[in-house]
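> Got a predicted model here, sequence first, then my questions.
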Amino acid sequence: MAIVAETSRFSKTGRPILAWIVGLIFFFPIFWLVLTSFKTDADAVKPEHLIFFTPTLENYLNMTENYDYWRFAQNSVITSVFATIFALVVGIPCAYAMAFNPTRATKDVLMWMLSTKMLPAAAVLYPMTFITKSVGLFDTHFMVIVVLCLINLPIVIWMLFTYFKEIPKDIIEAAQMDGVNTWGEVREILIPLAWGGIVSTALLCFIFCWNEAYWTVRLTTTEAATLSKLIEGNRAPEGLFFGRLSAVSAAAVGPIVVLGWFCQKQLVQGLTFGAVK
Amino acid sequence: MSNRTIPRLLQTPAVILLLIWMLVPLSLTLYFSFIRYVLNSLRRPEWTTPSFSNWRGFGNYEFVLNSKDFLFAIQNSLLIVGSILFGTVILGVLIAVLINKAFPGRGIVRVLLISPFFVMPAVNAVLWINMILDPVLGLQGIAVGGLNNMIDGLQNAPLVGWFFSLWPEFEPISFRATQTSAYAVIIMVTWQWTPFAVLIFMTSLQSEDEQQKEAAILDGASAWSQFRFLTLPHLGRPIAIVVMIQAIFHLSLYAEIEIVSRGNGNKNLPYLIGEFANNNIGAASATGIFAVILANIVAIFLLRMVGKTLME
């Protein structure tokens, strides 16, 4: 690359400046949300307090009182964590078998799994409501966990498969020669070697669960309602509660946005199913 | 146990779970779409329980096809998905090329750029429709008000006042209205998904053949022709993948549409299904089958593409 020196003036100064401007524009709405969350509800709609205002933490301190935030947050944490754990428990053995003992059917099975992800959720909306209500699981943590686990399972298996494929087969074969059983292979070889891949898969699955906004809204009312449901239920304050709504929204997305910064690379793989490298 | 048995056993739970998840609800949808099934009916209480004796054949499909909301929902779905795809791909390519070269603070710019993608859809919609796009209290309203005040002030200025008195009074746009709510959804989703396109195009640009590029530069190729004949063809496949993945996600947009206008003037198929499902389950199910067909058309192309790289 050193042979070709950057000559154009644009590349030297224009590019960084333009790139920074674009980055700041894209980040601005999030910045604005956080800024508004430090204003009182009254200040939040006054043009004269657009930028200059007395910051207050009252919106954050009153989140429980105003929105019962922590109950919804707790539901989001419980459902996302358990859905991720279940997806891994079911996904790791499956991806392991596919990566190390591929058969002619493996490719088709993987493609079929992916195709379940493409089924529009709305098409099965009523049957799902019908089933969950008739077995008494509507608006329960268990049901939300199962659904979140299943909608993310194809992506989890797919990502794990691409990571496991990178592990040299010789290592596994050597272990088999030594008489290590399957469980031993998974525990002693697979998990230590693919630890990074498993962690990034888990993080991405967790993010997708946290942000899910169709089933969590349609299959819950109060008991198992997540943060998506909370925000959706307070959608149109007509300017009355901009401050407090911003605070609760910022609290709902903050942790996930930060978590997302750490799995940018995995995101590409997870969402394109390894088709873009 | 033989060598083959254990791998098969390990795959079984995942396969069975996904099989149930796919087949059971979808069969019910298919069944409901062929019977008369409503949640409340004083006149025909027998229709409120699903049963084969309420068989309606393709009646629900006919009903859906003849309802004016259906055609509108399809058109509107295509408008929303098409506009978002157009916006995200163009912006995505431009931004990816812009930040592909090293510059001071590139890492931070990347973090700033990717952030919108991790905002949950409900917050995205609430944030844009209230704090930013609201015609009175949002930034849009405040900005338009400020602009009008500035023009008012300048009308009294010496020398150039006459010029500003020619200017009209600007009206803020109400994005909750029937005609504009689709645009609000397009804006907010484009904001959220452009980072996704950028990320994928950037990943792909990193595998671009540098030697080819250097040769082109030595041959005196302009920046534009490098972009047109090297970069753009290289991005062809990622663009196709971004288009298809987004199409699948955006065909089932729901939270944004619900929050912006409760579907007022801005329905898509999932929203229409939700509305039918308040009472007419037969029609909701028939609409669901149409949605499956629409998604499948996109999915087949995507799966083919993904399948090619799978076993490499």
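On my side now, so go ahead.

> which residues sit in contact with the one residue in the stretch 101-250 of chain B that gets nearest to chain A?
Residue of the stretch 101-250 of chain B nearest chain A, by C-beta to the nearest C-beta: B:F118 (3.4 Å). Backbone N, C-alpha and C define where each C-beta goes, glycine included. If a contact means C-beta atoms under 8 Å, 6 or more residues apart in numbering or on different chains, then B:F118 has A:I207, A:N211, A:V253, A:I256, A:V257, A:L259, A:G260 as its contacts.

> Which pLDDT value does the model give it?
If you check B:F118, the pLDDT there is 92.

> The residue nearest the centre of chain A and chain B: what is the separation?
The residue lying closest to the centre of chain A (C-alpha atoms, centre = their mean) is A:I207, at 1.6 Å. As judged by C-beta to the nearest C-beta, to the nearest Å, A:I207 and chain B stand 6 Å apart.

> tell me which element that residue is part of?
Element membership of A:I207 [criterion: DSSP states H and E] is helix A:195-211.

> repeat for A:L267
Going by DSSP H and E, A:L267 is part of helix A:264-272.

> Can you tell me what sits against that helix?
Helix A:264-272 is touched from outside by A:155, A:158-159, A:162, A:200-201, A:203-204, A:260, A:276, B:110, B:114, B:117, B:196, B:199-200, B:203, B:238, B:241, B:245, B:306, with contacts defined as C-beta under 8 Å, 6+ apart.

> Mind doing that once more with 7 Å?
With C-beta atoms under 7 Å, 6 or more residues apart in numbering or on different chains as the test, helix A:264-272 has contacts from A:I155, A:M159, A:T162, A:S200, A:L204, A:V276, B:I114, B:L199, B:I200, B:T203, B:I241, B:I245.

> cool, stretch B:13-25 as well?
Defining contact as C-beta under 7 Å, 6+ apart, one finds that stretch B:13-25 is touched by A:90-91, A:94, A:109, A:113, A:116, A:119, A:124, A:127-128, A:131, A:150, A:153, A:157.

> rerun that using 10 Å as the cut-off
A:86-87, A:89-95, A:97-98, A:109, A:112-113, A:115-117, A:119, A:121, A:123-131, A:146-147, A:149-151, A:153-154, A:156-157, B:8, B:288 (C-beta atoms under 10 Å, 6 or more residues apart in numbering or on different chains).

> In helices only, show me those residues.
A:86-87, A:89-95, A:97-98, A:109, A:112-113, A:115-117, A:125-131, A:146-147, A:149-151, A:153-154, A:156-157, B:8, B:288 (DSSP state H).

> Return a PyMOL selection command for the buried portion of the residues you listed.
A single PyMOL command selects the buried members of those (16 or more other C-beta atoms under 10 Å in any protein chain shown):
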select buried, (chain A and resi 86+87+90+91+92+93+94+95+97+98+109+112+113+115+116+117+125+126+127+128+129+130+131+146+147+149+150+151+153+154+156+157) or (chain B and resi 288)
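
> who touches the residue in the stretch 151-277 of chain A positioned nearest to chain B in this structure?
Residue of the stretch 151-277 of chain A nearest chain B, by C-beta to the nearest C-beta: A:G260 (3.4 Å). Contacts of A:G260 were listed using C-beta under 10 Å, 6+ apart, and they are A:203-204, A:207, A:211, A:253, A:267, B:111, B:114-119, B:195.
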